[in-house]
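[1] Give me the fold of what follows.
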Amino acid sequence: MAEFRGSELGQVASIRRYPVKSMIGEELKVAEVTATGLVGDRVLALIDRETGKVASAKNPRLWPNFFAHSAAWLSPSRNARSMPLVRIGLPGGQSMTTEDPQLEQQLSAGLGRAVRIQRLSDEIVTSEGYWPDFDWLANRDEMFEFPLPQGTFFDGMTIHLLTTATLECLRTASPESRFDVARFRPNFVIKTPDGETGFVEDNWIGKTLALGDVTFHIERPCPRCVMTTLSQGSLPKDSAVLRTAVQRHAGNVGVYATVVTSGQVRCGDAVRISPATPR
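    You can find the predicted model right below:
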């Protein structure tokens, strides 16, 4: 990549990917990034055998314990048509791999609905979500369906970035809640300089960001949903997490981006920004 002449605004503090859509993911020290996002990110999803829709923690009424499951990449696909080897963590501490013929049966038993595991294909698939019955939401107690971008298991775009400044802004607004990174499922957490405050990602929209060898075009804010409020690991269920995001920043936390140039990103890499990019 040609030298990127932008001003430095922070460092890569954390890299995360989620091999199975809506499951707890994994932290990385280094990531390969291509036009379709982090290699290994959202390469698998669970399909509800009854409805044919992609299962998602966005609908906790149907999938109340999705976050009791985790996924970690073990090796890449052997070819384009094979299932990638991923380790699935199950409730109770057990684990299985995607090569285990009993995996779908165990997942179905743990989730309370019959599911099958599916790798990426070129088709357009549909998922669904639920807006809780809170008076501070525009759409209360509503189910909704939405198509995923063709050939992906992403809800929106391939890359999600979040800063420590935004997390600190939310913590200050609601100090009794735990605004942990895990609630927001970013790919990259960017540590901004000490003392920088506010939703700083807003200023990046329309510009180009460089992390390591990779450049991204910052597209738009990332809207949040009920997933941010759910219990996972040591994090308790907390509706105030979403309420704070709605009341302080129109429900947006972090930004979506698309990949301009591929390469590697490592924890500790400098983050640089350039002026707006013509589209």
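[2] could you pull out the helices for the stretch 51-200 of the chain?
    103-111, 164-173 (DSSP state H, counting those that start in this stretch).
[3] Please identify the deepest-packed of those helices.
    helix 164-173 (a mean of 19; mean count of other CB atoms under 10 Å). For the C-beta atoms, the positions are set from N, CA and C on the backbone; glycine is no exception.
[4] and the residue lying closest to residue 259 once chain neighbours are set aside, what pLDDT?
    Residue nearest to residue 259 in three dimensions, not counting chain neighbours: residue 35, with 5.1 Å by CB to CB, 6 or more residues apart in numbering. Looking at residue 35, its pLDDT is 93.
[5] And residue 35, how far from residue 57?
    Distance, residue 35 to residue 57, using CB to CB, to the nearest Å: 26 Å.
[6] cool, and residue 161?
    From residue 161 over to residue 57 the distance is 21 Å, taken as CB to CB.
[7] How about residue 139?
    18 Å.
[8] on that earlier part again, dump the helices of the stretch 51-200 of the chain to a markdown table, plus mean pLDDT and distance to residue 259.
    Listed next are the helices of the stretch 51-200 of the chain as a markdown table, based on pLDDT from 0 to 100; distance: least, CB to CB, whole Å:
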| stretch | mean pLDDT | distance to residue 259 |
| --- | --- | --- |
| helix 103-111 | 96 | 31 |
| helix 164-173 | 97 | 22 |
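[9] Could you dump the ones you listed into a markdown table with distance to residue 247 added?
    As requested, the helices of the stretch 51-200 of the chain are exported to a markdown table (distance: least, CB to CB, whole Å):
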| stretch | distance to residue 247 |
| --- | --- |
| helix 103-111 | 33 |
| helix 164-173 | 8 |
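[10] any low-confidence regions in the chain?
    Along the chain, segments meeting pLDDT under 70 span 1-5, 76-82, 276-279.
[11] if we go to 50?
    Within the chain, the segments meeting pLDDT under 50 span 1, 80.
[12] burial of the nearest residue to residue 108 once chain neighbours are set aside, as a residue count?
    Nearest non-adjacent residue to residue 108, counting by CB to CB, 6+ apart: residue 114, 4.8 Å away. Number of residues near residue 114 (other CB atoms under 10 Å) recorded here: 14.
[13] my guess is residue 114 contacts residue 52, does it?
    No - under the criterion of CB atoms under 8 Å, residue 114 is not in contact with residue 52, lying 11.5 Å apart.
[14] related to what we said a few turns ago, higher neighbour count, residue 139 and residue 57?
    residue 57 (23 against 10).
[15] so what's that one up against?
    Shown in contact with residue 57 (CB atoms under 8 Å, 6 or more residues apart in numbering): 22, 63, 66-67, 227, 230.
[16] can you rerun that using 10 Å?
    Residue 57 sits next to 21-24, 63-67, 69, 129, 185, 225-227, 230, 232 when contact means CB atoms under 10 Å, 6 or more residues apart in numbering.
[17] Same question for residue 182.
    Residue 182 makes contact with 16, 24-25, 27, 67, 228, 232-235, according to CB under 10 Å, 6+ apart.
[18] mind listing the strands for the stretch 1-150 of the chain?
    7-17, 26-28, 30-34, 37-38, 44-48, 70-75, 85-89, 95-97, 115-119, 126-131, 142-147 (DSSP state E, counting those that start in this stretch).
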